[in-house]
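Undergrad: Sequence plus predicted model, see below.
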2 protein chains.
Amino acid sequence: MSFQVTILGCSSATPTIDRNPTAQYLTIQDRHFLIDCGEGTQMQLRKFKIKFNKISHVFISHLHGDHYFGLMGFLSSLHLLGRTTEMHLHCPEALKEILELQFKHSDTRLRYPLIYHFTNTLNGELIFEDDVLTVETVVLNHRVPCTGFIFREKPKPLSVIKEKIAFYKIKPSEILKIKNGADFVTEDGQIIENKFLTHPPANLRSYAFCSDTTYLESVIEAVKNVDLLYHEATFMHNLKERATETYHSTCKEAGMIAQKANVKQLIIGHYSARYGDLNPLLQEAQQEFANTLLAKEGTVYSVE
Amino acid sequence: MSFQVTILGCSSATPTIDRNPTAQYLTIQDRHFLIDCGEGTQMQLRKFKIKFNKISHVFISHLHGDHYFGLMGFLSSLHLLGRTTEMHLHCPEALKEILELQFKHSDTRLRYPLIYHFTNTLNGELIFEDDVLTVETVVLNHRVPCTGFIFREKPKPLSVIKEKIAFYKIKPSEILKIKNGADFVTEDGQIIENKFLTHPPANLRSYAFCSDTTYLESVIEAVKNVDLLYHEATFMHNLKERATETYHSTCKEAGMIAQKANVKQLIIGHYSARYGDLNPLLQEAQQEFANTLLAKEGTVYSVE
């Protein structure tokens, strides 16, 4: 079952000739999410042949344009293309006013329900849960209210080993308990540990998206041990002062967060338009955390 | 001196894999204008290597997203890139509220003055004039208030033929009169007609932009004799009913407008996403008006 992040845009504030503003497409099993939606996101979705009507939830980190200026176009196109199923939007509260004002002036009544869920920047919280996964926010430190998002798979019932069920003649009512982790007691009182009756559980995969923010110790705790961390790395560390002024992180800092949080893999992105060659950015992050990759548009990063 | 239209986007409501929503870059002599600003316009300007800080005026026809969703990104990037000179925005009044709300929530105070000039849809009017040109609106018929724009060069002082000035020994005070069209009277009372003293005046070039609208007789009068007409042609005429429902024109109708208005050349655009091959659209318009061209992104159309 897939767990994949596709980078749709990896530029910071101003796009460049070959880098679009922030947007990511995330699939977890058969769930389809959009994280941030910079200008041109709908064109990027088309370019990478992503069926964007499958997307059920959009997560917007904050109200700087490079993270949401594509949202009106994305939502409008879904309307024009005939969508009727719900769309859930997790975002700062002010976004509702911005969208509704534009729907009003364009005389647009969406054919599908657009359901708002407002994020807060007081504390990280669970904002979505279904059978398969949870989504939590992580509070970031930016010039305007901003949250990251952590996506985690939920445990599934264990898969039983058929031969053992047959061998011990286990009844259906008992199998259900075993799937939920119980041991089995035979008629003669012998305890068969659960681990001998079930296949090992699948790893629970997780992805944390952190953009935009200064270096923040509290992020380390929040993203501890995730499989994949996307952390913004707008500047190299020689521009640390500029990073601080603009509430951004450096590549070195992104690497430090990954290292201290003991994540498995780091993707850096949200590059300042001043950087043409991104390899020095990668190298700087890798000095702190070796398993770092560059966000590249159109690239799909799988969590195994 | 240049008079050129560059097509930045030629798609209607939803963009396609290779067509962006409406935007045009217009240069008249050393003036630089943007007409409409669909999503992705700033990327298109970069792609076609247009120095967009030169643009002094933006003209927005109406508040459907495919004509203005790129404006916030365009204005924000100019701010981030350090612009300090005035930007004039000619637009429906409601756009001010839409922009200001977003500037507020992103905590953006533009470094340059953004000066609003509101269009009206009661009557066409002169909305801009300088030494070189005038801009008038033309009222269109769309689902929301919508205007087109007509750009016309103004007459320049005539250029005198130096040899004639020397021959007749004409004084500077008389030369000024001749430049403004006067004949010259010699000391012995002989009248030298102005046309023998001056080079023929340059043709006054003109461009009319008409998108989005139903077929409208009043447009014919407004754009009479312009050199270049851009007229939307969202559908082919077999979808006339759909065109009417959505307040759009067909290719045949665009050709009829051009023919009846006696323009020199027609560009059609704003194609529905349903059309892959655009040649049938061109042929349909050409049956009404032979000198028709297709709007193609990145193509520069010169008015001679």
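TA: Happy to help now that I have it. Numbers count the residues shown, from 1 in each chain, chains lettered A, B, ... in the order given.
Undergrad: count of neighbours near the residue of the stretch 101-250 of chain A at minimum distance from chain B?
TA: Going by CB to the nearest CB, chain B is nearest to A:His105 of the stretch 101-250 of chain A, at 4.5 Å. Every C-beta, even on glycine, is put in place using the N, C-alpha and C of the backbone. For A:His105, the neighbour count with other CB atoms under 10 Å in any protein chain shown is 21.
Undergrad: I'd like to know how far the residue in the stretch 201-304 of chain A that chain B sits nearest to sits from B:Tyr112.
TA: Scanning the stretch 201-304 of chain A for the residue nearest chain B gives A:Ala273, at 8.8 Å (criterion: CB to the nearest CB). Distance from A:Ala273 to B:Tyr112, counting by CB to CB, to the nearest Å: 19 Å.
Undergrad: same deal with A:Phe33?
TA: In terms of CB to CB, A:Phe33 sits 37 Å off from B:Tyr112.
Undergrad: How about A:Phe235?
TA: 25 Å.
Undergrad: Check A:Arg31 too.
TA: A:Arg31 sits at a distance of 43 Å from B:Tyr112 (criterion: CB to CB).
Undergrad: okay, the two: which has more neighbours?
TA: Neighbour comparison, A:Arg31 and B:Tyr112: the larger count goes to A:Arg31, with 20 against 15 (by other CB under 10 Å).
Undergrad: Contact partners for the more buried one?
TA: For A:Arg31, the contact set (CB atoms under 8 Å, 6 or more residues apart in numbering or on different chains) comprises A:56-57, A:130, A:132-133.
Undergrad: quick one, phi/psi of it?
TA: With angles defined as degrees, to the nearest 10, A:Arg31 sits at phi -100, psi 140.
Undergrad: So what pairs up with it in the strands?
TA: With DSSP bridges applied, A:Arg31 shows beta-bridge pairing to A:Ile28.
Undergrad: All the strands of the stretch 201-304 of chain A, in order from the start?
TA: For the stretch 201-304 of chain A, the strands defined by DSSP state E, counting those that start in this stretch occupy A:206-210, A:228-232, A:265-269, A:292-294, A:300-302.
Undergrad: Which neighbours in the sheet does the last one have, and how are they oriented?
TA: Sheet pairing for strand A:300-302, assigned by DSSP bridges, gives strand A:3-9 (antiparallel).
Undergrad: Give me the mean pLDDT for the partner strand.
TA: Averaged across strand A:3-9, pLDDT comes to 98.
Undergrad: quick one: buried residues of it?
TA: A:3, A:5-9 (16 or more other CB atoms under 10 Å in any protein chain shown).
Undergrad: ok, of those, which one's closest to chain B?
TA: A:Gly9 (10.5 Å).
Undergrad: what residues are up against that closest one?
TA: So A:Gly9 contacts A:15, A:19-24, A:36, A:38, A:40-41, A:44, A:297 (CB under 8 Å, 6+ apart).
Undergrad: cool, and A:Gly82?
TA: Neighbours of A:Gly82 in contact, by CB under 8 Å, 6+ apart: A:Arg111.
Undergrad: measure it to A:Ser76 for me?
TA: In terms of CB to CB, A:Gly82 sits 12 Å off from A:Ser76.
Undergrad: what comes up buried for stretch A:75-82?
TA: A:75-80.
Undergrad: Now render those residues as CSV, adding secondary structure, pLDDT and distance to chain B.
TA: CSV is the format used below for those (DSSP: H, G, I helix; E, B strand; the rest coil; pLDDT from 0 to 100; distance: CB to the nearest CB, whole Å):
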residue, secondary structure, pLDDT, distance to chain B
A:Leu75, helix, 97, 9
A:Ser76, helix, 96, 5
A:Ser77, helix, 96, 5
A:Leu78, helix, 97, 9
A:His79, helix, 96, 10
A:Leu80, helix, 94, 5
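Undergrad: just those now: which is nearest A:Phe289?
TA: A:Leu75 (36.5 Å; CB to CB).
Undergrad: Hmm, that closest one is touching A:Met87, no?
TA: Yes - with contact defined as CB atoms under 8 Å, A:Leu75 counts as touching A:Met87 (7.1 Å).
Undergrad: Between those two, which contacts overlap?
TA: With CB under 8 Å, 6+ apart as the test, A:Leu75 and A:Met87 both reach A:Leu114.
Undergrad: Quick check: pLDDT value at the residue located most distally from the centre of chain A.
TA: Ranking residues of chain A by C-alpha distance from their mean position (CA atoms, centre = their mean) puts A:Asp188 at the top, at 49.7 Å. On the pLDDT scale, A:Asp188 is placed at 90.
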